[in-house]
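Visitor: The sequence and its predicted three-dimensional model are supplied below.
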Amino acid sequence: MNNNLQKLDFLNVYEFIEVIDSVINILQKERITGHIVGGKINSGLIELDIPKNLVIVGDLHGDLRSLQHILKEIDYENFLSNHNNKLIFLGDYVDRGNHSIGVLYTVCYLKRKYPNSVILMRGNHEAHMEFPFSSHDLPLKIIEYFGDNYEKAIHSKISTLFQSLYLVTIIQNKLLLVHGGLPTEIEYNDFKKLIETAQSYNIHKKTLEELLWNDPRTIQNGDNWEKSRRMYGKHFGINITKKWLTMSRTEVIVRGHEPCHGFKIDHDDKVITLFSCKEAYPKFEAAHIFISKKQLETIHNAVDLVPFVRKLDCCIKNI
C-alpha cells in the first residue's frame, strides 16, 4: 500500500483540501472535454468501451479497512497504471462507519493520480444537500478529524465534490451501473437527456432521487413501481429494468445501495446488487467484482457475473 494511503491518521487539513480541490477540477475538466480514456462523458453519464480489466466497488460507508483490502487484492498501483483498466466506485463513501474521511481521501487520491482509470459515482449519501437524512454524520467526522474550526469550509467543499460525481455508467452492450435504481417514468430513447439534466435541482430532482434511492422489488399490485419504505425513492419492478436495458442496449444492471451478503440478484437475473462495506453492517458480507474484457464479453445476465464476485475475508487483517 502506498505510503500516502497508509498514514491517514496523520493527514492534515491542507492535504485533504488539496486532494478534494484537485478532483473537483478533474471532474469539471472531464465534463468540459467529454472525454476519458476508453470512453466519453455527457454530463452525469459515462459511456465506456469494455475495459481491459474492470473492478467494481459497492457501498463503503467509511469502511477504510475493506477498501484497503480491495486495493491490495487488485494490486491497485499496477492495475490503475494501465488506463485501459477501470476501477468504478458506485458511491456511498461516507456516513455510518468510523473512517469517512479516510475513505473519501483515498478514493480522491486515486482519482487524482489515475484520472483515466478511476470513476467516482454518486450515492444517496453524497446527496445530503438535496435529500437530507438523519444518518449523515460526515460533519461530525470532519470535526473529530480536523476540529470544528474547519467543519463548515470542508463540508462545503465536499458538497461541491459530491455534486460533480457521475450518476450513470454504461459499459458498451453489457452493463448499466447506477448507485440506487432506475427512474420509473421515462420515454424511449430519452434516457441520455434525462441523465444530462438530472443534476438540475429544481427541474429534475425527481430523477436524481430515483437514481440514488430506488430499489428493485417484485411488485405485487400490477404496477411498475410502488412507494419505497425508505424516506425517499421508489421500488421499481422488472418491467422498468427491462425497459432501461433495452434503451441502454445493455444486459445487466449493477447497483449498490442495499446491504447484502456481498451480492444479491433480482428481476429474473437482470439486476445484481453489490455491497463492499463490512464495518457498519457486521451481519452482512462485503465483496467487489473483478472481471477481464474477455470474461465480460461472455456475460449475458447477473448470474454470469457471480463467478467474478470476490468476497472479502470475514476477518480482514490490518493492511
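Guide: Yep, it's here. Numbers count the residues shown, from 1 in each chain.
Visitor: Give me the helices and strands touching the lengthiest helix in the chain, please.
Guide: For the chain, the helix with the greatest residue count under DSSP state H is helix 13-33. When contacts are defined as 3 or more CB pairs under 8 Å, 6 or more residues apart in numbering; DSSP states H and E, helix 13-33 sits against strand 39-42, helix 100-113, helix 151-163. The way it works is simple: take the backbone N, C-alpha and C, and place the C-beta from them, glycine included.
Visitor: for it, which positions count as buried?
Guide: F16, I17, V19, I20, S22, V23, I24, I26, L27, E30 (16 or more other CB atoms under 10 Å).
Visitor: K157 versus the fifth one, what's the distance?
Guide: To tie it back to what came earlier, the one meant is S22. Between S22 and K157 the computed distance is 11 Å (CB to CB, to the nearest Å).
Visitor: do the fourth one as well
Guide: Distance, I20 to K157, by CB to CB: 5 Å.
Visitor: Could you dump the buried residues of helix 13-33 into JSON lines and include pLDDT and distance to M231?
Guide: Formatted as JSON lines, the buried residues of helix 13-33 follow (pLDDT from 0 to 100; distance: CB to CB, whole Å):
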{"residue": "F16", "pLDDT": "95", "distance to M231": "29"}
{"residue": "I17", "pLDDT": "96", "distance to M231": "31"}
{"residue": "V19", "pLDDT": "97", "distance to M231": "31"}
{"residue": "I20", "pLDDT": "98", "distance to M231": "27"}
{"residue": "S22", "pLDDT": "98", "distance to M231": "33"}
{"residue": "V23", "pLDDT": "98", "distance to M231": "28"}
{"residue": "I24", "pLDDT": "98", "distance to M231": "28"}
{"residue": "I26", "pLDDT": "98", "distance to M231": "32"}
{"residue": "L27", "pLDDT": "97", "distance to M231": "27"}
{"residue": "E30", "pLDDT": "96", "distance to M231": "31"}
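Visitor: pLDDT weak spots in the chain?
Guide: Applying pLDDT under 70 to the chain flags the ranges 1-7, 9, 187-190, 196-204, 222, 314-319.
Visitor: can you give me the helices in it?
Guide: So, for the chain - with DSSP H - the helices run 3-6, 13-33, 64-73, 76-81, 100-113, 138-146, 151-163, 191-196, 201-213, 238-248, 293-296, 302-305.
Visitor: and the second one, how far from the chain's centre?
Guide: Between the centre of helix 13-33 and the centre of its chain there are 17 Å (CA atoms, centre = their mean, to the nearest Å).
Visitor: Which one of the helices of the chain lies nearest to L176?
Guide: Nearest to L176, of all these, is helix 238-248, at 4.9 Å by CB to CB.
Visitor: Pretty sure I70 sits against A287.
Guide: No: using CB atoms under 8 Å, I70 is not in contact with A287; the gap is 9.1 Å.
Visitor: Pull up the overlap in contacts between those two.
Guide: Listed contacts common to I70 and A287 are S276, L312; contacts here mean CB atoms under 8 Å, 6 or more residues apart in numbering.
Visitor: most packed of the helices and strands packed on helix 13-33?
Guide: Highest mean neighbour count among those (mean count of other CB atoms under 10 Å): helix 100-113, with a mean of 22.
Visitor: what sits up against that one?
Guide: The contact list for helix 100-113 (CB under 8 Å, 6+ apart) reads 4-5, 8, 11, 15-16, 19-20, 22-23, 26, 60-64, 67-68, 71, 76, 80, 87, 89, 93-94, 97, 118, 120, 137-138, 141-142, 145-146, 158, 161.
Visitor: same thing but at 6 Å, please
Guide: The set of residues external to helix 100-113 that reach it, using CB atoms under 6 Å, 6 or more residues apart in numbering, is 5, 8, 16, 19-20, 22-23, 60, 62, 64, 67, 89, 93-94, 118, 120, 138, 141, 145.
Visitor: Buried residues in stretch 227-243, which are they?
Guide: In stretch 227-243, counting by 16+ other CB under 10 Å, buried: S228, R230, Y232, G233, K234, H235, F236, G237, I238, I240, T241, K243.
Visitor: Switch those over to a markdown table; also include distance to L110.
Guide: Below are the buried residues of stretch 227-243 laid out as a markdown table (distance: CB to CB, whole Å):
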| residue | distance to L110 |
| --- | --- |
| S228 | 32 |
| R230 | 30 |
| Y232 | 29 |
| G233 | 29 |
| K234 | 33 |
| H235 | 33 |
| F236 | 31 |
| G237 | 36 |
| I238 | 35 |
| I240 | 33 |
| T241 | 31 |
| K243 | 34 |
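Visitor: if we can go back for a sec, ok, residues contacting the longest helix of the chain?
Guide: The contact list for helix 13-33 (CB under 6 Å, 6+ apart) reads 36, 41, 105, 108-109, 111-112, 115, 146, 150, 157, 160-161, 164.
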